[in-house]
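Student: I would like the atomic coordinates for the input below:
(2 chains)
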Amino acid sequence: MFKSIKLRMAITAAVCLVAIYFLIPTLFPQIPSPWNEYFPKEKIHLGLDLQGGMHLVLEVDTEKALESMMERSANDLKESLMENKVRFRKVERAKGATISLELTESAGRTVLDKILRDHYLDLEVASSTPREGGQTVVLKINDRRAIDLKKLTVEHSLETIRNRVDQFGISEPEIVPEGDNRIMIQLPGIQDPERAKNLIGKTALLEFKIVDDENSLDEALRGIIPEGDIIAYGLRADKSTGQKGSMPYLIKNKTLLTGASLETAKVQISDRFGEPNVSIKFNSQGATDFDRITNENVRKRLAIVLDGVVHSAPVIQERISGGQAQITGSFTMDEARDLAIVLRAGSLPAPVNILEERTVGPSLGNDSIRQGIMATLIGSLLVIFFMIIYYRLSGTVADLALIINIVLVLGVLAAFKATLTLPGIAGLLLTVGMAVDANVLIFERIREELRTGKNIRLALDTGYSRAFITIIDTHVTGIVSAIFLVIFGTGPIKGFAVTLIIGLLASLFTAVFVTRVIFDYFTWNFNIKKLSI
Amino acid sequence: MELIKPGIHIDFVGKMKYAIIFSVILTIICIASVILHGGLNLGIDFAGGSIIQVKFQKDMTADKIRDALKSTRLEKSIIQQFGANEFLLRTQESFHDQKLLEENVNKPLTAAFNKDYEIRRVEIVGSKVGIDFQRKAIFAVILSWMAMLAYIAWRFEFRYALGGIIALVHDVIIIIGTVSILKMEFTISILAAIFFIIGFSINDTIVVLDRIRENVKLNPRQKLADTINMSINQTLSRTILTSFTVFLTVIALYIWGGPVLHDLAFSLLIGVVFGTYSSVFISCPIVLFFENLQLAKLKRKK
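Tutor: Predicted coordinates:
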């Protein structure tokens, strides 16, 4: 390859120095101030299984997003039809993401088509069946728009979750999309997994609705629900016992205002009981709307509904024009703080389901690091001793290459900001076992050549060149099988494959190139009669 | 030091008959075990479910924990010792709702053992993810076999490649069979070990095949059976040495690597032993078999 031994020594030294350079922050966490500017800042990144933390995979329910979009379209369409004086019996969202609509006169169809063409480009007619005096039309969202909407929903969810996690203050979170509708979240060092899950998974859809006090709640509970109303439940904490029960409300289904109109939300402590509540401030449009709504509904009760649960339903005493309101509901301090965060970050456009959850406590992580390092040290020492016993001085050369190999793997991990996991440490140790393979191949071959009576330099030459082809083949197959594990594996196991791949690549350099430099240096510069192999 | 003396001449080819019989029986036992157990006992990564790792400060037995969990939804969970006073609770259910976890684990444990315990790890996988993952894993293993087949066929000859691949399939079946016979859970760590062994076993095979190819070129007149025997003997010391160094590291992993790496280290141990055996005793006879097949065909044509 390279004839000049000086050049080859320089390459070896340079590679080692670069690897050590990237390892400096890991080895010496505190470098005094004028010097630390010359070194990289990144330590080797430890996986969640080593440092503790939480790994979540969420699935965004994009179907639900389509359904609620159709729900809104159905309501809008109803109004459009009325404006255009089309007579219909009902317009409602039907099963899945479709709208079913019954026209009571046949002339209505042409007007409907015109309305759809002019204002509802996303909708198309899925089927229509004639009925006496009219027809039933089923509308669906057109396919391309549905795909777009699903994609947007996932992007929007990702953005919202990022916002929430940022505001919650977790250092180095990782939030990335996975596949079509999944989101992978890694939160290192999290202490309270339940709280984190609540914060991330809450839809946080805030709605303001009017309580229907004109109709009887009791009758509604018996099943006679007035048109346009729904029954929603609220949590009611009994002040004396502290027990939480649920309390039904009859409210008008129409949403007057949502959390989308909020400018900000923050925690406040109420003066009277010292209880925390969440104070919200509307943006300018929201404030105008709130002003109008409160003005129109004085003396009525305004239900503040979060994710379908009525938090409170205060009576509107008078018109509220400041654009400010409070959400009360016997929160703990943490609950109030988290609610303020989710309201500020905005609601999720669709519900999310947790598909996968892995939480590792910091104490287990510490144990794993200790055991991993222990196994690696003992395993490496066993191999190192064995090589010295079996191959004597040549074994020492192979051992030197082995140590450089370990330094290179760690250096590459640090430089590329790859993650070191517990299986990754296992992979590093196995690399040690595999890396000496190249040297064993070479040494065995050299011994064979020496036995045929060749001199040392010729034996070295043939040994290296004959073994080289085999070494390439074994490395390629080893790397290919590890690549499959990187592609198909998940979580910490990927780290196993990653360190294996880096280790195999590094061993090509150390076991073949570096050891040859050392052998050449000694055989070229000293008159060696007998090779210690 | 030399473990294997240079002039060694063991008649491997003569013993291959017995090796093949041994391997066939072993393979049948492995497959039978998987079938008799009604498939593999899949870990939560493949089947969905929950794992909760609890460490107790005082001496604890699985029976005491089972008593404490009576009449909760974890009543029928598998309780497995996992290090000193440390246990794994495993159920099929996915406890995504934290309240369920609180209700079925924290409360009963606190009631029975005060606060003298620590939940160190919780892993919950939905069954949908598990089924996805099963499919992906099977696909990946088969694909990696194909990749190896293609690579060796390209670098050597197709019959060599076929010998190598059958040895790989043999190794994977034996790892899976051992897991099944010992009633271990088939976890993602074992899958990782399988991939490592695929890479490792094919290494050994390549070294032997490489030498066979070299020797065939050197003495084209020699009978293939003799060439193969010679090649195995020549590479024997390397085969044993490399397996030994890898074995040393795996042993270290098994003894000192801690309970989390136990599955991985154990299946690696099995894999290293059988991977070494199969590259000598399985892949070579198959190369020989195809050679004889070809010779027979040639004779018939004459």
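Student: Now A:Leu355. Its backbone dihedrals?
Tutor: phi -90, psi -30 (degrees, to the nearest 10).
Student: got the contact list for it?
Tutor: A:Leu355 makes contacts with A:Val57, A:Leu58, A:Glu59, A:Arg182, B:Val125, B:Gly126, B:Lys128, B:Val129, as judged by Cβ atoms under 8 Å, 6 or more residues apart in numbering or on different chains. All C-beta spots, glycine's among them, are computed from the backbone N, C-alpha and C.
Student: and the fourth one, what are its bridge partners?
Tutor: Here A:Arg182 sits in beta bridges with A:Glu59, A:Glu178, as judged by DSSP bridges.
Student: Now A:Ser363. Nearest residue, chain neighbours left out?
Tutor: Closest residue in space to A:Ser363, ignoring its immediate chain neighbours: B:Arg120 at 6.1 Å, by Cβ to Cβ, 6 or more residues apart in numbering or on different chains.
Student: helix or strand right after the strand or helix carrying the one you found?
Tutor: If you go by DSSP states H and E, B:Arg120 is part of strand B:117-125. Once the chain leaves strand B:117-125, the next helix or strand it forms, by DSSP H and E, is helix B:127-155.
Student: Now do the buried residues in that following helix.
Tutor: Using 16 or more other Cβ atoms under 10 Å in any protein chain shown as the test for burial, helix B:127-155 gives B:127, B:129-130, B:133-134, B:137, B:140-141, B:144-145, B:147-149, B:151-153, B:155.
Student: Quick one: the helices in the stretch 51-200 of chain B, in order.
Tutor: For the stretch 51-200 of chain B, the helices defined by DSSP state H, counting those that start in this stretch cover B:62-68, B:98-101, B:107-113, B:127-155, B:158-181, B:188-218.
Student: quick one, domains of the chain?
Tutor: No chain was given, so I picked chain A. A:5-49+A:363-525, A:63-140, A:204-328 (automatic domain parsing).
Student: Can you look at chain B instead?
Tutor: B:12-38+B:129-301, B:49-125.
Student: ends of the shortest one, how far apart?
Tutor: The one in question is domain B:49-125. End-to-end distance for domain B:49-125, by Cα to Cα, to the nearest Å: 5 Å.
Student: For the lowest-mean-pLDDT helix or strand in chain A, which helices and strands make contact with it?
Tutor: Between all helices and strands in chain A, the lowest mean by mean pLDDT, DSSP states H and E belongs to helix A:33-36, at a mean of 73. Counting contacts by 3 or more Cβ pairs under 8 Å, 6 or more residues apart in numbering or on different chains; DSSP states H and E, helix A:33-36 packs against no other helix or strand.
Student: re the thing from before, most packed of the domains of chain A?
Tutor: Comparing these on average neighbours per residue, with mean count of other Cβ atoms under 10 Å in any protein chain shown, the densest one is domain A:5-49+A:363-525 at a mean of 20.
Student: Next, the distance between the ends of it.
Tutor: 11 Å.
Student: what do you get for stretch A:317-332?
Tutor: End-to-end span of stretch A:317-332 (Cα to Cα): 27 Å.
Student: Measure how far it is from the centre of its chain, please.
Tutor: 35 Å (Cα atoms, centre = their mean, to the nearest Å).
Student: Other residues contacting that stretch?
Tutor: By Cβ under 8 Å, 6+ apart, stretch A:317-332 touches A:235, A:237, A:263, A:268, A:270, A:275-284, A:286-287, A:290-291, A:294-295, A:298, A:304, A:306, A:311-312, A:339.
Student: which stretches of the stretch 301-450 of chain A form strands?
Tutor: Secondary structure of the stretch 301-450 of chain A (DSSP state E, counting those that start in this stretch): strands at A:302-306, A:309-312, A:324-327, A:352-360, A:419-420.
Student: could you dump those strands to a markdown table with distance to B:Ser267 and mean pLDDT?
Tutor: Converted to a markdown table, the strands of the stretch 301-450 of chain A look like this (distance: least, Cβ to Cβ, whole Å; pLDDT from 0 to 100):
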| stretch | distance to B:Ser267 | mean pLDDT |
| --- | --- | --- |
| strand A:302-306 | 49 | 88 |
| strand A:309-312 | 49 | 84 |
| strand A:324-327 | 54 | 83 |
| strand A:352-360 | 21 | 89 |
| strand A:419-420 | 22 | 90 |
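Student: ok, longest helix in the chain?
Tutor: Chain wasn't specified; assuming chain A. helix A:362-415 (DSSP state H).
Student: if you could check chain B rather than the one you did, that'd help
Tutor: Under DSSP H, the helix in chain B containing the largest number of residues is helix B:224-256.
Student: what residues does the stretch 51-200 of chain B put near chain A?
Tutor: B:53, B:55, B:96, B:98, B:102, B:118-126, B:128-129, B:133, B:136-137, B:139-141, B:143-144, B:147-148, B:151-152, B:155, B:188-189, B:191-192, B:195-196, B:198-200 (Cβ under 8 Å from any Cβ of the partner chain).
Student: same thing but 7 Å
Tutor: B:53, B:96, B:98, B:118-126, B:128-129, B:136-137, B:140, B:143-144, B:147-148, B:151, B:155, B:188-189, B:192, B:195-196, B:198-199 (Cβ under 7 Å from any Cβ of the partner chain).
Student: now do the stretch 201-302 of chain B
Tutor: Counting by Cβ under 7 Å from any Cβ, the stretch 201-302 of chain B sits next to chain A at B:202-203, B:206-207, B:210, B:237-238, B:241-242, B:245-246, B:248-249, B:252-253, B:256-258, B:260-261, B:264.
Student: among these, which ones are buried?
Tutor: For these, a neighbour count by 16+ other Cβ under 10 Å gives the buried set as B:202-203, B:206-207, B:210, B:237-238, B:241-242, B:245-246, B:248-249, B:252-253, B:256-258, B:260-261, B:264.
Student: Ramachandran coordinates for the residue located most distally from the centre of chain A?
Tutor: Distance from the C-alpha centroid of chain A peaks at A:Gly453, with 62.6 Å (Cα atoms, centre = their mean). Per-residue torsions, A:Gly453: phi 90, psi 10 (degrees, to the nearest 10).
Student: For burial, what's the neighbour tally of the spatially closest residue to A:Leu187 that is not a sequence neighbour?
Tutor: The shortest distance from A:Leu187 to any non-neighbouring residue, by Cβ to Cβ, 6+ apart, is to A:Met54 (4.6 Å). For A:Met54, the neighbour count with other Cβ atoms under 10 Å in any protein chain shown is 24.
Student: List the contacts of A:Gly201.
Tutor: A:Gly201 makes contacts with A:Val352, A:Ile354, as judged by Cβ atoms under 7 Å, 6 or more residues apart in numbering or on different chains.
Student: likewise A:Ile518?
Tutor: A:Val397.
Student: and what of B:Ile232?
Tutor: When contacts are counted by Cβ under 7 Å, 6+ apart, B:Ile232 is found next to B:Phe12, B:Val208, B:Val280, B:Cys284.
Student: Please apply the same query to B:Val280.
Tutor: Listed by Cβ under 7 Å, 6+ apart, the contact set of B:Val280 reads B:Phe12, B:Val208, B:Ile232, B:Thr239.
Student: Kindly report the same for B:Leu236.
Tutor: So B:Leu236 contacts B:Ile4, B:Ile8 (Cβ under 7 Å, 6+ apart).
Student: again with the one 10 residues further on
Tutor: B:Val246 sits next to A:Leu430, A:Gly433, A:Met434, B:Phe200, B:Val272 when contact means Cβ under 7 Å, 6+ apart.
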